[in-house]
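In: the following block contains a protein sequence and its predicted model.
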Amino acid sequence: MKVKIKEYAKEAKNWSLYKLAQELGLPQQTVYSWASGRTQPSYDNWDRLCGILDCKVENLLESEPVQQKLNLRNCM
């Protein structure tokens, strides 16, 4: 599942990932890692992200389109 932190922060607050990290009081690398999909925020950090961006978790998650999943399964 892709996390749309970068896109949402830019759209909602006009913030870069660097600014978001500052506002959260977290290391820049942590937020960049979430945005790239290498790691996922903890439950507490999901809550903090949603609070600071004034959104729901669903707004920050992007699932794969169903057709893409079907195509991947058919290729196996």
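Out: Now that the structure is in, tell me what you want to look at. Numbers count the residues shown, from 1 in each chain.

In: quick one: the strands in the protein?
Out: With DSSP state E as the criterion, the chain has strands at 2-3, 61-62.

In: now the ones you listed as JSON lines including mean neighbour count?
Out: Bear in mind the C-beta positions are built from the backbone N, C-alpha and C, glycine included. JSON lines is the format used below for those (neighbours: other Cβ atoms under 10 Å):
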{"stretch": "strand 2-3", "mean neighbour count": "16"}
{"stretch": "strand 61-62", "mean neighbour count": "14"}
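
In: got those as CSV, with mean pLDDT and distance to Cys55 columns?
Out: Listed next are the strands of the chain as CSV, based on pLDDT from 0 to 100; distance: least, Cβ to Cβ, whole Å:
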stretch, mean pLDDT, distance to Cys55
strand 2-3, 76, 12
strand 61-62, 79, 11
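
In: output the ones you listed as CSV; include the columns distance to Gly51.
Out: Output for the strands of the chain, formatted as CSV (distance: least, Cβ to Cβ, whole Å):
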stretch, distance to Gly51
strand 2-3, 16
strand 61-62, 16
